[in-house]
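Just to be clear, the model below is a prediction. Sequence and coordinates:
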Amino acid sequence: MTQHPTSMRVGTNETWQDEAWAFYDNVGELRFAVNWLANGMSRVNLIAARQPTNLGDEPTPLVPTQPGEEEEEIPLTGAEALAVELVQGIAGGVGNQGQLLSDVARHLSVPGVGWILLRAAEPPGPGETVLDTVPVLTPSEREELPPTPDETWTWTVLAYDSVRAQGEHYEVQYSTTGWVPLTGDFVLVKVWRPHPRRIWEADSPVRAVRTVLQRIQLLDEHVTATAQSRLAGAGLLIMPNEAEFSPVPGMPGEAAEPLVDPLEEDDFVEVLVETMTLPIKDRGSAAAVVPLVARMPGDLCDKPRHLTFWTEFSESVQELQEAAVRRLALGLDIPPEVLEGKGGMNHWGAWQVAEEAVTLHIEPMSETTVQALTIGYLRPHLQAAGYEAEADDLLVWYDATDLTTRPDRSDDAIAAYDRLELSGEALRRESGLSESDAPDPEERHRRALAILASTDPIIATEYLDTLEAGMPAGAPAPPADGEATGPPSGPPSPEEAPAAAVMEACDGLVFRALERAGQRLKGAAGRKHNGGAAAITCPDPTRLHVELHGATQYEDLDRLMDGAWVRVPPVAQRLGLDPEMLTSALDSYVRALLATGHEHDQHRLASVLGLPAPA
């Protein structure tokens, strides 16, 4: 691009931007926060899209139809097909777009401005620009032969002070070798955040937290200086001249040598400096733990004294550091929990932080980036290709679905499924499974039979009618109303008493058991409803389990059935039946009714007892 528009103003770097980069290089917390945001931006995908027709709507992505697919969407026009290919060619392809967006995020976060340079490896002929080399075709010609960006072009993200304008030309700085003029085939896109008041200046979050960053640096330097002062030797031990060590006896025939050579008075400062610098150079030196001994007259030093030169660590330093990091976390364009940690959060809180990071921080930065790419890259190419009218309706957009994570709700889904408040399809979805993992009707029927048969055969018989809708062909059908069935041991024999008398007596026992269970169920259900038991309106307690669609979600069956069959033994004795067998049959029947929410029916009771169906 040999000509550059006046809107592409190249400003001089400001002092605060140099300070911002210096803090990025020296303060680990800032580098972590900026890189965290940059890593999130690298997961954003660039797509071509149409402008929304209604205010507040999202742009419509342009999805090309793959070979062999049915064309359900409206076919792409020539301008749309070109826009798709131009967006796919950003940064040389999808594989490099993440790195491009990551670099842009760092420049937007620290100095607030950066440049994206698209340059051809081999420039075309003299005087040609990148837009001049795009052939101008009619829409019909464009549909037949849509051009793609040249694969030899390179994309580079440059700092704000690595681009400058020299007359009608641009110069860039790739290294310390100097400035290189931009000639031939190139596109230069400015990505920046304008200051809300002085729109000709760039702005960034770091600009407002420079004092906090300076405080963090000063505290770090204070801790470092305090630690180094502790390494500057073990201090100075002042001894009176009268203090002497006992002579060390030598070998026989040899005179004892003094332990310490006498020092000249002028050598005191030199020895002191050398003794204090030696531990700093060599932390394993003995001078780091042994103090330097100096002698003085007794009238000046009446007793040994130990002088130290280090500064004690302040107890408030750590508190001040934590407060500074907290202020830094609040001043940057990231959730504060990113720097402060998520140790006190559950998975719901952590998910909310991640969602907030995408919607309030990454997506706005993505919109700034795609707007620059739309204005500086996509639309000029479309206009040069003959699509002046369509260029304003197309734009570079972003897709952040790779960043959206859902919380783990599998435990809550399993609990709701066990209480009959969730479908199997929803349970599989929340557990991360697909519909292909669902069991077929035959397998579901077989598992249900195995689970029910392991508890009580009579419950299995009573519950089979709820599986009839999903039972496969060839599977054993549930017993019809009036058909005799029962456990292998068999229900009480009707030959010892008239069937009608047995039915009447058992019907009364069942009603009495359901009434007692219903009264207890009302109190249990009231504890889980506003207003207590008075809010549970059911005039007939024997049908309360039917109104509540099952009793097990409110109370345990053993508690509901406690003391329900105290009248069975004398009744069974009068009818000539086995009390234990009759109690077992009635208890299994009533438990099945309470668990499944079925209403008491004499035909079902007769089926369980092995009696003829009542007329």
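Received, thanks.

Spell out the residue ranges of the strands in the protein.
With strands called from DSSP state E, the chain shows them at 45-50, 60-61, 113-120, 153-159, 163-166, 169-175, 178-181, 186-192, 236-240, 292-296, 305-307, 394-399.

And the ones you listed: which comes nearest residue 26?
Taking C-beta to C-beta, strand 153-159 is the member of the strands of the chain nearest to residue 26, at 17.3 Å. Backbone N, C-alpha and C define where each C-beta goes, glycine included.

Tell me the strands beside that closest one, with direction?
strand 113-120 (antiparallel) (DSSP bridges).

and the partner strand, what's its mean pLDDT?
Along strand 113-120, the predicted confidence averages to a pLDDT of 90.

now what about it, what contacts it?
Identification of contacts with strand 113-120 by C-beta atoms under 8 Å, 6 or more residues apart in numbering yields 11, 100, 103-104, 107-108, 130, 150, 152-160, 162-163, 172, 182, 184-193, 202, 372-373, 376-377.

mind running it again at 7 Å?
104, 107-108, 130, 150, 152-160, 163, 172, 184-192, 202, 377 (C-beta atoms under 7 Å, 6 or more residues apart in numbering).

buried stuff in that strand?
Buried residues in strand 113-120, defined by neighbour count with 16 or more other C-beta atoms under 10 Å: 113, 114, 115, 116, 117, 118, 119, 120.

residues touching the closest residue to residue 339 other than its chain neighbours, list them.
Across the structure, with C-beta to C-beta, 6 or more residues apart in numbering as the measure, the residue nearest residue 339 apart from its sequence neighbours is residue 329 (3.9 Å). Going by C-beta under 7 Å, 6+ apart, residue 329 touches 336, 339, 340.

How about residue 501?
Shown here is residue 501, whose contacts under the criterion C-beta under 7 Å, 6+ apart are residue 575.

hang on, the earlier thing: please, a ChimeraX command that selects the buried ones among the contacts of residue 329?
Buried residues among these (16+ other C-beta under 10 Å), as a ChimeraX selection:
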select :336,339
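
Between the contacts of residue 329, which sits nearest residue 55?
residue 336 (32.7 Å).

Tell me the spacing between the residue nearest to the closest one when sequence neighbours are not counted and residue 319.
Closest residue to residue 336 in three dimensions, ignoring its sequence neighbours and counting by C-beta to C-beta, 6+ apart: residue 329, at 4.0 Å. Look at residue 329 and residue 319: by C-beta to C-beta, to the nearest Å, they are 16 Å apart.

How about residue 169?
When residue 169 is compared with residue 319 (using C-beta to C-beta), they lie 55 Å apart.

Tell me which of these two has more neighbours.
Ranked by neighbour count (other C-beta atoms under 10 Å), residue 169 and residue 319 place residue 169 first, with 14 against 10.

I'd like to know how far that one sits from residue 23.
Counting by C-beta to C-beta, the gap between residue 169 and residue 23 amounts to 33 Å.

swap in residue 369?
Distance, residue 369 to residue 23, using C-beta to C-beta: 23 Å.

same question, residue 188
When distance is defined by C-beta to C-beta, residue 188 is 28 Å away from residue 23.

Who has more neighbours out of the two?
Counting neighbours by other C-beta under 10 Å for residue 188 and for residue 23 shows that residue 23 has the greater number, 23 against 20.

re earlier: and the contacts of strand 113-120, which of them are buried?
By 16+ other C-beta under 10 Å, these give 104, 107-108, 130, 153, 155, 157-160, 163, 172, 184-192, 202, 377 as buried.

Residue 325: neighbour count?
Per other C-beta under 10 Å, the neighbour tally for residue 325 reads 19.

domains of this structure?
According to the domain assignment given by automatic domain parsing, the chain is divided into the following structural domains: 15-211+342-403, 408-438, 479-609.

As CSV, those domains with distance to residue 227 would be great.
Supplementary listing: these in CSV, determined by distance: least, C-beta to C-beta, whole Å:
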stretch, distance to residue 227
domain 15-211+342-403, 17
domain 408-438, 44
domain 479-609, 61
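
mean pLDDT for the ones you listed: which is lowest?
Among the domains of the chain, domain 408-438 scores lowest, at a mean of 75.

Next, the buried residues of it.
Burial within domain 408-438, assessed by neighbour count using 16+ other C-beta under 10 Å, is assigned to 409, 413, 416, 417, 422, 427, 428, 430.

The residue nearest to residue 518 when sequence neighbours are not counted and residue 509: what is the separation?
Leaving aside its sequence neighbours, residue 518 sits nearest to residue 541 (C-beta to C-beta, 6+ apart; 2.9 Å). Using C-beta to C-beta, we find residue 541 at a distance of 16 Å from residue 509.

show me where the stretch 1-150 of the chain has helices.
Ranges of helices in the stretch 1-150 of the chain, per DSSP state H, counting those that start in this stretch, are 15-26, 28-42, 78-88, 94-109, 139-144.

tell me the contacts of the closest residue to residue 223 other than its chain neighbours?
Nearest residue to residue 223, sequence neighbours excluded (C-beta to C-beta, 6+ apart): residue 317, at 6.2 Å. With contacts defined as C-beta under 7 Å, 6+ apart, the neighbours of residue 317 are 219, 222, 223.

Could I have the buried ones of these as PyMOL selection syntax?
Selection command for PyMOL covering only the buried members of the contacts of residue 317, criterion 16+ other C-beta under 10 Å:
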select buried, resi 219+222
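
Which one of the contacts of residue 317 is nearest to residue 41?
Ranking the contacts of residue 317 by separation from residue 41, with C-beta to C-beta as the measure, puts residue 219 on top at 30.4 Å.

how many neighbours does residue 612 have?
Summarising burial for residue 612: neighbours were counted as other C-beta under 10 Å, giving 13.

for residue 575, that is, sorry about that
When neighbours are counted by other C-beta under 10 Å, residue 575 comes out with 18.

Start at 10, not 1
Sure thing, new numbering starts at 10, so read that last one as residue 584.

hang on, it packs against residue 511?
Yes. Judged on C-beta atoms under 7 Å, residue 584 makes contact with residue 511 at a distance of 5.9 Å.

Could I get the buried residue list for stretch 64-73?
Taking 16+ other C-beta under 10 Å as the neighbour-count basis, stretch 64-73 is seen to contain the buried residues 68, 71.

Any idea how far apart the tips of it sit?
The first and final residues of stretch 64-73 sit 25 Å from each other (C-alpha to C-alpha, to the nearest Å).

returning to that earlier point: I'd like the buried residues of strand 122-129 laid out as a markdown table, including distance to residue 578.
Shown next, in a markdown table, are these (distance: C-beta to C-beta, whole Å):
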| residue | distance to residue 578 |
| --- | --- |
| 122 | 92 |
| 123 | 90 |
| 124 | 94 |
| 125 | 90 |
| 126 | 95 |
| 127 | 94 |
| 128 | 98 |
| 129 | 100 |
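
what's the closest of those to residue 223?
Once C-beta to C-beta is applied, the member of these that ends up nearest residue 223 is residue 122, at 22.2 Å.

Need the contacts of residue 326 in TSV (columns: distance to residue 73).
Shown next, in TSV, are these (distance: C-beta to C-beta, whole Å):
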residue	distance to residue 73
228	56
231	60
232	58
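
Can you check the pLDDT for residue 415?
Looking at residue 415, its pLDDT reads 58.

list the contacts for the nearest residue to residue 189 once chain neighbours are set aside?
Closest residue to residue 189 in three dimensions, ignoring its sequence neighbours and counting by C-beta to C-beta, 6+ apart: residue 181, at 5.7 Å. When the contact criterion is C-beta under 7 Å, 6+ apart, the partners of residue 181 are 126, 167, 171, 172, 189, 191.

Rebuild the residues you listed as CSV, extending it with distance to residue 535.
Supplementary listing: the contacts of residue 181 in CSV, determined by distance: C-beta to C-beta, whole Å:
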residue, distance to residue 535
126, 72
167, 71
171, 73
172, 74
189, 82
191, 79
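
How about the contacts made by residue 225?
36, 38, 330, 333, 334, 337.
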